[in-house]
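Undergrad: structure here, sequence nowhere to be found:
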């Protein structure tokens with residue numbers, strides 16, 4: 001059980017001074033530290049504390065697992081994939097959501113007969129012959145949301161295809177949730193050739209629950225009243241903190257949409273990233289270019305340094321996440337109260353210090 005709760009580091013980064021720049025760090029091997037008897041005792045005590053915390057968390061997770069949720073998944077991708085021109089009128093009457101009135105019947109008939117569409121449906125069926133795993137993951141997510149927000153009602157879930165429209169992978173409206181399964185076939189799928197790697201890396205089944213959580217988090221986070229860089233990174237920090245609560249068994253990499261290597265880079269360089277932000281006076285800047293450089297999805301973050309290509313995109317979101325986590329460790333408030341706090345108060349009371 002302890003192994004599930006303690007993140008295992010192979011190296012401990014050694015901080016160094018650099019003015020506005022990021023540099024590679026020297027490392028101290030953990031084995032050298034463990035040779036110190038005092039450190040062994042400290043680690044043992046820490047392990048006991050974490051083990052006790054995990055026991056409490058298990059109790060909480062058991063309580064959440066007992067929350068009843070009604071989950072219905074309609075595999076419209078399968079239904080339309082087996083459609084014929086003759087039964088299209090029946091489908092239109094039964095599923096008007098997917099047949100806008102302004103679209104002529106001839107278009108739907110073409111889609112039914114289109115060999116590329118047939119291939120797309122076949123690939124989706126190959127990747128998702130059953131919705132059992134997806135249902136279990138979504139049910140757990142909805143249970144967690146309902147625990148923290150009792151008024152939450154589970155949506156009716158429809159799966160479909162979207163001509164690989166990766167800009168609209170998951171959509172919600174009222175009590176409905178639509179998931180385009182053709183945008184989650186696997187990062188290396190041939191259909192995704194030509195799509196930038198920073199996008200296609202998250203077009204995989206394991207990202208469905210994370211991106212559904214992102215979608216629903218927006219219902220609970222207060223919109224920032226200011227447009228400073230700090231306000232923006234704290235907003236995304238809140239979103240990712242909700243994922244900490246809602247997806248406790250998911251890796252941090254999947255929560256933020258990083259590879260494990262990208263997450264490690266962010267962790268190892270957190271001190272220098274923060275120094276760069278502070279020394280360049282970004283925190284209270286309203287320069288819209290900072291969002292493009294450090295917040296929006298991108299192949300890498302833009303420090304305007306030689307090592308930019310080694311960094312993951314959205315590094316501002318990662319820093320905002322750590323600030324919010326630090327705030328919640330230092331202050332006794334509910335997640336609901338956190339969501340409406342302004343960024344300035346969160347930052348000042350977070351006592352945030354990058355991990356060295």
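TA: Received, thanks. Since this is a predicted model, take the numbers as computed values, not measurements.
Undergrad: sketch out the low-pLDDT regions of the protein for me.
TA: Scanning the chain for pLDDT under 70 picks out the ranges 1-57.
Undergrad: so who does the residue most central in space within it touch?
TA: Nearest to the mean C-alpha position of the chain, counting by CA atoms, centre = their mean, stands residue 255 at 3.1 Å. Listed by CB atoms under 8 Å, 6 or more residues apart in numbering, the contact partners of residue 255 are 210, 240, 243-244, 247. For the C-beta atoms, the positions are set from N, CA and C on the backbone; glycine is no exception.
Undergrad: so which helix or strand takes in it?
TA: helix 252-256 (DSSP states H and E).
Undergrad: go through that helix and flag the buried ones.
TA: Buried residues in helix 252-256, counting neighbours by 16 or more other CB atoms under 10 Å, are found at 252-256.
Undergrad: SS state for the residue located most distally from the centre of the chain?
TA: Going by CA atoms, centre = their mean, the residue of the chain most distant from its centre is residue 86, 41.8 Å out. Secondary structure, DSSP: H, G, I helix; E, B strand; the rest coil: residue 86 is coil.
Undergrad: can you give me the distance of it to residue 105?
TA: 12 Å (CB to CB, to the nearest Å).
Undergrad: for residue 304, same thing?
TA: Residue 304 sits 54 Å away from residue 105, going by CB to CB.
Undergrad: which of the two has more neighbours?
TA: residue 105 (12 against 9; other CB atoms under 10 Å).
Undergrad: residue contacts, the more buried one?
TA: So residue 105 contacts residue 88 (CB under 8 Å, 6+ apart).
Undergrad: residues in contact with residue 334?
TA: So residue 334 contacts nothing (CB under 8 Å, 6+ apart).
Undergrad: quick one, phi/psi of it?
TA: Here is the backbone geometry of residue 334 (degrees, to the nearest 10): phi -80, psi 160.
Undergrad: now, the contacts of residue 255 that are in helices?
TA: Using DSSP state H, the members of those that fall in helices are 210, 240, 243-244.
Undergrad: buried among those? Make that a ChimeraX selection.
TA: Buried members of the ones in helices among the contacts of residue 255, defined by 16+ other CB under 10 Å, are picked up in ChimeraX with:
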select :210,240,243,244
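Undergrad: mind putting the ones in helices among the contacts of residue 255 into JSON lines with distance to residue 299?
TA: What follows is these, written out as JSON lines (distance: CB to CB, whole Å):
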{"residue": "210", "distance to residue 299": "20"}
{"residue": "240", "distance to residue 299": "20"}
{"residue": "243", "distance to residue 299": "23"}
{"residue": "244", "distance to residue 299": "26"}
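Undergrad: which one among the ones in helices among the contacts of residue 255 gets closest to residue 234?
TA: Of all those, residue 234 sits closest to residue 240, with 10.6 Å by CB to CB.
Undergrad: residues in contact with that closest one?
TA: Counting by CB under 8 Å, 6+ apart, residue 240 has contacts 255-256, 317, 320-321, 324.
Undergrad: one more pass at 6 Å, please.
TA: 255, 321 (CB atoms under 6 Å, 6 or more residues apart in numbering).
Undergrad: kindly report the same for residue 121.
TA: The contact partners of residue 121, by CB under 6 Å, 6+ apart, come to residue 81.
Undergrad: now the element after the strand or helix carrying it, going C-ward?
TA: Element membership for residue 121, per DSSP H and E: helix 115-127. Where DSSP H and E defines the elements, the next helix or strand beyond helix 115-127 is helix 132-148.
Undergrad: okay, buried residues for that next one please.
TA: 134, 137-148.
Undergrad: show me where the stretch 1-150 of the chain has its helices.
TA: 2-5, 30-34, 37-65, 76-81, 88-94, 105-113, 115-127, 132-148 (DSSP state H, counting those that start in this stretch).
Undergrad: one more: the stretch 151-300 of the chain?
TA: Per DSSP H, counting those that start in this stretch, the stretch 151-300 of the chain carries helices over the ranges 197-200, 208-217, 229-246, 252-256, 260-268, 270-279, 289-294.
Undergrad: mind listing what's buried along the second one?
TA: Applying a neighbour-count criterion of 16+ other CB under 10 Å, one finds 208-214, 216-217 buried in helix 208-217.
Undergrad: tell me how far residue 214 lies from residue 73.
TA: Distance of residue 214 to residue 73, given as CB to CB: 19 Å.
Undergrad: separation between the closest residue to residue 274 other than its chain neighbours and residue 325?
TA: Once flanking residues are discounted, residue 274 sits nearest to residue 354: 4.5 Å by CB to CB, 6 or more residues apart in numbering. Look at residue 354 and residue 325: by CB to CB, they are 12 Å apart.
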